[in-house]
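Participant: Predicted coordinates and the sequence they were generated for:
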Amino acid sequence: MTAPLLDRARAGDHDAFAELVDPYRRELQLHCYRLLGRVADAEDVVQETLLAAWRGLTEFEGRASVRSWLYRIATHRSLNAIRDAGRRPPPAP
């Protein structure tokens, strides 16, 4: 990761953000799948993760790598999805 790429992404450059996070998208999806057990749920959580990262990019301080920051977001989102699934009534047959 280069500082200029991060600065461009923080300034609202969608292409710079994609360049920043795309190398981790596949492994994030696998991480979420391992936690959730369903491909569709993992895809949803990865999308939520990337949206949260986009919205929170200005607060990213760079003390950790972008990869570990994304993993932290994805893990929290996955655990929230697991918790929320336990609160929903089962679907009707």
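Facilitator: Received the coordinates, thanks.
Participant: ok, residue 26 to residue 43 distance?
Facilitator: When Cβ to Cβ, to the nearest Å is the yardstick, residue 26 and residue 43 sit 11 Å from each other. No exception for glycine: its C-beta is placed from N, CA and C like everyone else's.
Participant: Between the two, point out the one with more neighbours.
Facilitator: residue 43 (14 against 10; other Cβ atoms under 10 Å).
Participant: State the distance from that one to residue 10.
Facilitator: When distances are taken as Cβ to Cβ, residue 43 and residue 10 turn out to be 26 Å apart.
Participant: same question, residue 85
Facilitator: Shown here: residue 85 relative to residue 10, a distance of 34 Å by Cβ to Cβ.
Participant: do residue 61 as well
Facilitator: Distance check for residue 61 against residue 10: by Cβ to Cβ, it reads 12 Å.
Participant: Which of these two has more residues huddled nearby?
Facilitator: In this comparison of residue 61 against residue 10, neighbours counted by other Cβ under 10 Å, the higher total goes to residue 10 at 15 against 7.
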